[in-house]
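> Pasting a predicted model and its sequence here:
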Amino acid sequence: MSIFVEYPFIALLIGAVLLGTYFYLKRTKILISAATLWLIYGVYELMMRSPLGCAPECNIRVDLLVIYPVLLLSLLLASGQTAYLLLKQSHRSGK
């Protein structure tokens, strides 16, 4: 998952997709929470790359030990809920 450190725009893209899913499907707390977490993390990583963020000496990012599991869990929950909502929606339109 260190790809997000090198390319924080990927995290922003994931957040944008989750936000789009939130507005497209039924608006749920899980989707908006996951979208918000990913967008905040993307901005956080962008700030870490700037001169105001992390100095070049701080190459050990202990914060990621907490952040990555939270992001992964939020993405799994949001993906599961999206799949459920899409299946529910397709069953309604199939009747």
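Structure's in. What do you need? Numbering: from 1, shown residues only.
> Just give me the neighbour total for Ile40.
Counted by other CB atoms under 10 Å, the residues lying close to Ile40 total 14. Just so you know, the C-beta spots here come from the backbone N, C-alpha and C atoms, and that holds for glycine as well.
> Geometric centre of the chain: which residue is closest?
Trp38 (2.9 Å; CA atoms, centre = their mean).
> Now that residue: closest residue in space, sequence neighbours ignored.
Computed as CB to CB, 6 or more residues apart in numbering, the closest residue to Trp38 that is not its neighbour in sequence is Gly15, at 3.4 Å.
> need the next SSE after the helix or strand hosting that neighbour, C-terminal direction.
Assessed by DSSP states H and E, Gly15 sits inside helix 8-24. Sequence order places helix 29-49 as the next helix or strand after helix 8-24, per DSSP H and E.
> quick one: contacts of that following helix?
Residues outside helix 29-49 that contact it (CB atoms under 8 Å, 6 or more residues apart in numbering): 4-5, 8-12, 14-16, 18-19, 21-22, 25, 53-54, 67, 70-71, 74-75, 77-78, 81-82.
> can you rerun that using 7 Å?
Helix 29-49 is contacted by residues 4-5, 8, 11-12, 14-15, 18-19, 21-22, 53-54, 67, 70-71, 74-75, 77-78, 81 when judged by CB atoms under 7 Å, 6 or more residues apart in numbering.
> Next secondary structure after it?
That would be, after helix 29-49 and using DSSP H and E, helix 64-94.
> how big is the angle separating that next one from helix 29-49?
Direction vectors for helix 64-94 and helix 29-49, defined by axes from the mean of the first three to the mean of the last three CA atoms, to 10 degrees, enclose an angle of 140 degrees.
> Please name every helix or strand in contact with helix 64-94.
Under the contact criterion of 3 or more CB pairs under 7 Å, 6 or more residues apart in numbering; DSSP states H and E, helix 64-94 touches helix 29-49.
> Tell me which residues of the helix it packs on come out buried.
Using 16 or more other CB atoms under 10 Å as the test for burial, helix 29-49 gives Ile30, Leu31, Ile32, Ala34, Ala35, Leu37, Trp38, Leu39, Tyr41, Gly42, Glu45.
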